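Peer 1: Below is the sequence, then the predicted model.
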Amino acid sequence: QDWYRDHAIDNGAERLGFVGSVTLDMPSESVADVISEMLGFGVEERQVFPSWARAFRGLIDGTENVGVLVMVNGVVGADTHRRLDSEEFRGFALSDPLAPLIFVNGADTKAAQLFTLVHELAHIWLGRSALSEAAMDSRESETEEQWCNSVAAEVLLPLDDLRSDYGGQMTVEELDRLAKRYKISTLVVLKRIFDAGFLTWDEYTERYRAEHGRVMRLVDDKNGDSGGGNYYRTQPLRLSRQFAKAVISSTREGSTSYREAYQLLGTKKHATFEGLAEELKVA
């Protein structure tokens with residue numbers, strides 16, 4: 001982040017007006033509307049994405065297009081034997097008017113990562129750095145974490161849409177249907193059903209914990225079958241595509257040394273540097 005901030009200053013970047021533009025006193029619904037519109041990630045725009053993974057990729061692109069760096073990693077550094085625990089750590093936001101940064105725990109499901117990214121964006125809009133860990137089955141409504149949860153939930157599934165679309169049957173099939181339609185986690189669907197007044201608090205917490213257990217079993221099964229993936233596609237996500245492109249461009253312009261670039265990009269080989277440049281289409 002420090003390198004990118006200095007790079008932005010050197011290139012005459014202006015402060016990002018949305019950083020710190022809202023307060024906790026503002027309704028979460030109005031803030032959600034602003035974020036959805038600015039990122040082009042409203043309910044209708046989301047329908048073009050065929051999967052949670054594609055929707056997440058689109059959300060990352062929209063976020064970086066407005067100037068926020070996004071890093072996604074599910075392991076410590078590049079050590080695949082040291083997975084991050086999504087139960088302990090979901091993401092964090094580093095607020096800065098020139099180079100705000102969001103980190104998302106890639107060990108979580110793609111649908112959960114979507115929620116985390118929007119949650120962290122709410123922190124950026126507040127202009128505050130934060131480590132996010134608030135659960136959706138907590139009733140501490142006055143905290144900043146819960147306010148950011150409310151913003152994220154409204155961005156991903158507006159209450160008006162939920163009320164008109166919910167079939168009224170509290171089944172796994174109905175939760176899955178709504179989750180697939182809105183590209184969100186079934187846990188977020190449950191939270192919005194509660195927010196809309198279709199469940200009491202006790203009913204909600206009981207169903208939430210049961211659904212959470214089901215989701216985590218699915219995550220464990222998927223993790224057990226997952227492979228390593230394509231380095232040239234996963235590394236830009238770990239670094240932030242915008243950050244990696246800036247480093248490569250700066251290096252080719254002569255403003256950053258290749259040695260420093262290799263350190264920033266986490267590589268030791270020039271061939272890898274060129275491979276990343278090709279993947280990111282940096283001329």
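Peer 2: Nice, I can see it. Numbers count the residues shown, from 1 in each chain.

Peer 1: next structured bit after the strand or helix carrying residue 177?
Peer 2: For residue 177, the host element (DSSP states H and E) is helix 172-182. Scanning forward in sequence from helix 172-182 by DSSP H and E, the next helix or strand is helix 186-195.

Peer 1: mean confidence for that following helix?
Peer 2: Taken as a whole, helix 186-195 has an average pLDDT of 93.

Peer 1: Give me the angle between the following helix or strand past it and helix 186-195.
Peer 2: Of the helices and strands lying after helix 186-195 in sequence (DSSP H and E), the nearest is helix 201-225. Counting by axes from the mean of the first three to the mean of the last three C-alpha atoms, to 10 degrees, helix 201-225 points 170 degrees away from the direction of helix 186-195.

Peer 1: For helix 201-225, buried residues please.
Peer 2: By neighbour count with 16 or more other C-beta atoms under 10 Å, helix 201-225 contains the buried residues 204, 205, 207, 208, 211, 212, 215. Heads up, the C-betas are built off the backbone N, CA and C, glycines and all.

Peer 1: what do you get for stretch 166-176?
Peer 2: Buried, per 16+ other C-beta under 10 Å, within stretch 166-176: 166, 174, 175.

Peer 1: do stretch 3-22 as well
Peer 2: Within stretch 3-22, the residues that qualify as buried are 3, 4, 5, 7, 8, 16, 18, 19, 20, 22, counting by 16+ other C-beta under 10 Å.

Peer 1: Please apply the same query to stretch 34-51.
Peer 2: Neighbour counts over stretch 34-51 (16+ other C-beta under 10 Å) mark 34, 35, 36, 39, 41, 43, 46, 49 as buried.

Peer 1: and of the buried residues of helix 201-225, the nearest to residue 161?
Peer 2: Of all the buried residues of helix 201-225, residue 161 sits closest to residue 204, with 18.9 Å by C-beta to C-beta.

Peer 1: just to revisit the earlier point, which strands or helices does the helix holding residue 177 pack on?
Peer 2: Applying 3 or more C-beta pairs under 8 Å, 6 or more residues apart in numbering; DSSP states H and E, we find helix 172-182 packed against helix 159-165, helix 186-195.

Peer 1: show me where the protein has strands.
Peer 2: Secondary structure of the chain (DSSP state E): strands located at 69-73, 75-76, 79-83, 91-94, 101-105, 130-132.

Peer 1: still on that earlier bit, which of the buried residues of stretch 166-176 lies closest to residue 96?
Peer 2: Within these, distances to residue 96 taken as C-beta to C-beta reach their minimum at residue 175, with 37.5 Å.

Peer 1: gap between the closest residue to the closest one other than its chain neighbours and residue 173?
Peer 2: Once flanking residues are discounted, residue 175 sits nearest to residue 186: 4.2 Å by C-beta to C-beta, 6 or more residues apart in numbering. Separation of residue 186 from residue 173 (C-beta to C-beta, to the nearest Å) stands at 11 Å.

Peer 1: Contacts for stretch 20-27, please.
Peer 2: Here stretch 20-27 makes contact (C-beta atoms under 8 Å, 6 or more residues apart in numbering) with 31, 34, 95, 97, 125, 126, 127, 128, 144, 147.

Peer 1: between those residues, which is nearest residue 272?
Peer 2: Nearest to residue 272, judged by C-beta to C-beta, of the contacts of stretch 20-27 is residue 95 at 31.7 Å.

Peer 1: count of residues packed around that closest one?
Peer 2: Residue 95 has 20 neighbouring residues, counting by other C-beta atoms under 10 Å.

Peer 1: Contact partners for the closest residue to residue 242 other than its chain neighbours?
Peer 2: In space, residue 242 comes closest to residue 64 once its chain neighbours are excluded; the distance is 4.3 Å by C-beta to C-beta, 6+ apart. By C-beta under 8 Å, 6+ apart, the residues touching residue 64 are 70, 240, 241, 242.
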